[in-house]
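Chemist: no sequence for this one, just the structure:
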Ligand SMILES: Nc1ncnc2c1ncn2[C@@H]1O[C@H](COP(=O)(O)OP(=O)(O)O)[C@@H](O)[C@H]1O
Ligand SMILES: [Mg+2]
């Protein structure tokens, strides 16, 4: 099996034109480098406004980098995906799960149809019957077996909606799933369930995660490795345990100090959920 990175980011920079101060540039991402290895969960941690979502958007092609390179599965992503075919291929490699799946779910589309649409896009060779069984399997994989396929988004809890978003992303059989504050809106007990689900999925299939969060308690539960962003720059990087227990940078120390916790010693995730308040 190849150990080449699934994702390789070098010198990534993104400037926006400020919407308020006429013409002035905002440097959202200021030249960052990182790799995501096969089957790895890399967390990007930082306060609001540190540039995390901008990194995600440039990787999936929702924003164009000002400079730098993004390589996915050995192939550079240059410009945006121009043709439909490129968009499908890009989405087949990297999927993006947002904080609030409600806004990305069509209120009139039933859960089964949401997942089936993604299966149809990414596996057009399947017969209708095979597509239906793929949908059933995916819903089962995210703990939404039984009658969930016929429900509408408003008939689901926040955690269930996030499960639908995860099933939809897995329908593409991606190498990498970017989860951007994907558990931030959930109660801590539901957070723990979704984090457990993500861990189970990673054990069962070859997929890497780029897990974006402002919450170090969540990082401790899911990530192998962490990069810490401040003002568009990476200020610290290392194994999760090392960064949380011996933060080297002042900014990371401040983030760690801000999290109420019972120690970073790895615990069962369910146990941790009871210890760390939301
Ligand atoms: N479309 C945009 N236009 C102008 N500025 C933006 C835009 N998107 C983000 N920014 C700015 O870029 C910086 C980084 O934002 P973002 O990547 O969303 O950070 P995070 O996800 O860490 O909260 C912030 O200063 C934000 O205001
Ligand atoms: Mg963000």
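Modeler: Noted; the coordinates are in hand. Remember, it's a predicted structure, so these values are computed and weren't measured experimentally. Residues are numbered from 1 along each chain as shown. Ligands and ions are numbered 1, 2, ... in the order given.
Chemist: Now residue 173: which helix or strand?
Modeler: According to DSSP states H and E, residue 173 maps onto no helix or strand at all.
Chemist: For residue 155, see how far away it is.
Modeler: 27 Å (Cβ to Cβ, to the nearest Å). Yep, even glycine has a C-beta here, placed from its N, CA and C like the rest.
Chemist: the more surrounded of the two?
Modeler: The neighbour comparison of residue 173 against residue 155 (other Cβ atoms under 10 Å) goes to residue 173, with 16 against 12.
Chemist: Check residue 261 and give its pLDDT.
Modeler: In this model, residue 261 is scored at 64, pLDDT.
Chemist: ok, stretch 37-51 near ligand 2 or not?
Modeler: No: using Cβ under 5 Å from the ion, stretch 37-51 stays clear of ligand 2, coming no nearer than 6.8 Å.
Chemist: Stretch 207-221 too?
Modeler: No: using Cβ under 5 Å from the ion, stretch 207-221 stays clear of ligand 2, with a minimum separation of 6.7 Å.
Chemist: Stretch 182-190 now?
Modeler: No: judged by Cβ under 5 Å from the ion, stretch 182-190 stays clear of ligand 2, getting no closer than 9.2 Å.
Chemist: Average pLDDT for that stretch, rounded please.
Modeler: Mean predicted confidence for stretch 182-190 is 93.
Chemist: So which bits of it are buried?
Modeler: Neighbour-count burial for stretch 182-190 flags 182, 183, 185, 186, 188, 190 (criterion: 16 or more other Cβ atoms under 10 Å).
Chemist: Residue 99 is in contact with the third one, correct?
Modeler: Just to be clear, that refers to residue 185. Yes: counting by Cβ atoms under 8 Å, residue 185 touches residue 99, with 5.7 Å between them.
Chemist: Spell out which parts of the stretch 1-150 of the chain neighbour ligand 2.
Modeler: Counting by Cβ under 5 Å from the ion, the stretch 1-150 of the chain sits next to ligand 2 at 52, 53.
Chemist: Run through the residues that contact the residue of the stretch 1-150 of the chain found nearest ligand 2.
Modeler: The minimum distance from the stretch 1-150 of the chain to ligand 2, using Cβ to the ion, falls at residue 53 (3.2 Å). When contacts are counted by Cβ atoms under 8 Å, 6 or more residues apart in numbering, residue 53 is found next to 180, 212.
Chemist: Which secondary structure element of this protein has the lowest mean pLDDT?
Modeler: Within the chain, no helix or strand scores below helix 269-275, which has a mean of 51 by mean pLDDT, DSSP states H and E.
Chemist: which helices and strands sit right next to the helix or strand harbouring residue 166?
Modeler: Assigned by DSSP H and E, residue 166 belongs to helix 158-170. Applying 3 or more Cβ pairs under 8 Å, 6 or more residues apart in numbering; DSSP states H and E, one finds that helix 158-170 contacts strand 94-97, helix 101-104, helix 111-122, helix 128-141, strand 176-180, helix 188-204.
Chemist: returning to what we had before: determine which two of the buried residues of stretch 182-190 are furthest apart.
Modeler: 182 and 188 (14.3 Å; Cβ to Cβ).
Chemist: Spell out which residues of this structure are next to ligand 1.
Modeler: With the criterion set to Cβ under 6 Å from any ligand atom, the chain comes near ligand 1 through 16, 19, 26, 28, 46, 48, 49, 50, 51, 52, 53, 54.
Chemist: roughly how far is stretch 175-186 from the heart of the chain?
Modeler: Chain-centre distance of stretch 175-186: 4 Å, with Cα atoms, centre = their mean, to the nearest Å.
Chemist: What's the end-to-end length of that stretch?
Modeler: 26 Å (Cα to Cα, to the nearest Å).
Chemist: returning to what we had before: least confident of the helices and strands packed on helix 158-170, on average?
Modeler: helix 101-104 (a mean of 77).
Chemist: Report the buried residues of that one.
Modeler: The neighbour-count check on helix 101-104 (16+ other Cβ under 10 Å) flags 101, 102 as buried.
Chemist: Contacts only, for the residue positioned nearest the centre of the chain.
Modeler: The chain has residue 179 as the residue nearest its centroid, 1.5 Å off, counting by Cα atoms, centre = their mean. Neighbouring residues of residue 179 by Cβ under 8 Å, 6+ apart: 97, 198, 209, 210, 211, 212.
Chemist: rerun at 6 Å
Modeler: Counting by Cβ atoms under 6 Å, 6 or more residues apart in numbering, residue 179 touches 97, 209, 211.
Chemist: Sweet, I'm off.
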